[in-house]
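Visitor: Pasting the sequence and the predicted model now:
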Amino acid sequence: MTFDSLNINKDFWSLTSLKNKNISFPLERFYSLLLELDWQPSEWIDFWRNHNSVKTLSSLLPAGTKADWIWGICIPLLSDINKNLLRNKKRKIYGISALPGCGKTSLGRWLEAAGKELNVSIKVISLDDFYLPGIELDKAMQGNPWGVPRGLPGSHSISLLEQSLDIWLSSGFLKAPKFDKALRNGCGDRSGFLECNPDLLVLEGWFLGCCPINNDFSEAISNDSLSITLTEKEKLYRERIQKILIQYLSIWNRIHRIWHIKPIDYSSTCQWKIEQEKEMLLKRGAALKGDSLKSFVRMIQCSLPEESLMNIDADVVVEINNQRDVINFGYQTSRKKLKNFAKSS
């Protein structure tokens, strides 16, 4: 690296008011990520030191948010967005991909609030917002081996999502449906539309950026680390989902940059999802529970090969452990999987 890491480290600890025991990620890898995002580490530190908003931004996060998330995900992602908007006023869509229960919804809410501190209007929408209306959703999900009411590829209105994104990209006006998961006893349904004019749009989802597998599909199944024996019906439906995923590639192609929050242990999402539904039950009085929740968790484990979900076609990869601590970073210069799939199709 071309900078004095010793002095930079000192400045980092001064900026964050942290000690090295407060974070789990290696600073050298963090600085490498900043460089890839077109920030010199010293420039980045000076920017936030002079902005006088770090304490305010931190206070906008849910109580108990760890320093790893603040400095390893939240501030770097906001920095990336800010740099891109300053460089080019052209409208851009960012993507956040993370397994259920990881914390991406809370991250999205924070981005919207934090953007105001930088005088940027950020709107975060979810793939979940584009679930089909209740009756159509029931029909689309009928016969899936897990009996889940939603969540699978194929449960979304791709045409409406394409239309919403394209209208915003061309005009700056966003109209998107809102989906309430607590309706219909936790099966969910649409609950109106959102209309706004954000400067930047963020799309999040649990399989966002996931591409169909080009190689031997049976080999992909055998590479799963979870010791789960798939039924024949599950195997057949898995293959069906691979074909359905092709419909989503046009959405991934519209995204300027995808950030993937990736667990080092794929099984972590099972517990995270259970915790998420318990929280929704307390807040809303309705959520997936009992056998319905168990089926949903199995769907997450079985519907898409681990190879797909752990190797999302992303630009930035942030690795987290079972406790959701940030432990590492990665950067890809281009999303090759999507391009390679397009060539082979």
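Guide: Perfect, I can see it now.

Visitor: Let me know how buried Asp129 is, in neighbour terms.
Guide: Asp129: 24 surrounding residues under other CB atoms under 10 Å. To be clear about C-beta, it is placed using only N, CA and C from the backbone, and glycine gets the same treatment.

Visitor: and the gap between it and Phe47?
Guide: Here Asp129 is placed at a distance of 32 Å from Phe47 (CB to CB, to the nearest Å).

Visitor: helices or strands next to the helix ranked longest in the chain in the packing?
Guide: The helix that spans the most residues within the chain, counting by DSSP state H, is helix 268-284. Using 3 or more CB pairs under 8 Å, 6 or more residues apart in numbering; DSSP states H and E as the contact criterion, the elements in contact with helix 268-284 are helix 290-302.

Visitor: residues of the helix it packs on that come out buried?
Guide: Residues 292-293, 295-302 are the ones in helix 290-302 that count as buried (16 or more other CB atoms under 10 Å).

Visitor: Can you tell me which of those is closest to Leu107?
Guide: Proximity to Leu107 was ranked across the buried residues of helix 290-302 by CB to CB; first place goes to Ile300, at 19.0 Å.

Visitor: The closest one reaches Pro100, doesn't it?
Guide: Yes - here Ile300 lies in contact with Pro100, judged by CB atoms under 8 Å, at a distance of 6.0 Å.

Visitor: ok, which stretches of the stretch 101-250 of the chain are helices?
Guide: Chain-ordered helices for the stretch 101-250 of the chain, with DSSP state H, counting those that start in this stretch as the definition, fall at 104-117, 134-141, 158-171, 217-222, 232-245, 249-253.

Visitor: Single out the most deeply packed of those helices.
Guide: helix 104-117 (a mean of 19; mean count of other CB atoms under 10 Å).

Visitor: Report the angle between that one and helix 268-284.
Guide: Taking axes from the mean of the first three to the mean of the last three CA atoms, to 10 degrees, helix 104-117 and helix 268-284 form an angle of 70 degrees between their directions.

Visitor: please renumber so the chain begins at 29
Guide: Yes, from this point I'll number from 29; that puts the last item at helix 132-145.

Visitor: who wins for proximity to Lys120 among the helices of the stretch 129-278 of the chain?
Guide: Comparison of those against Lys120 by CB to CB identifies helix 186-199 as nearest, at 8.7 Å.

Visitor: still on that earlier bit, okay, the helices of the stretch 129-278 of the chain in JSON lines with mean pLDDT next?
Guide: Below are the helices of the stretch 129-278 of the chain laid out as JSON lines (pLDDT from 0 to 100):
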{"stretch": "helix 132-145", "mean pLDDT": "92"}
{"stretch": "helix 162-169", "mean pLDDT": "94"}
{"stretch": "helix 186-199", "mean pLDDT": "98"}
{"stretch": "helix 245-250", "mean pLDDT": "54"}
{"stretch": "helix 260-273", "mean pLDDT": "93"}
{"stretch": "helix 277-281", "mean pLDDT": "95"}
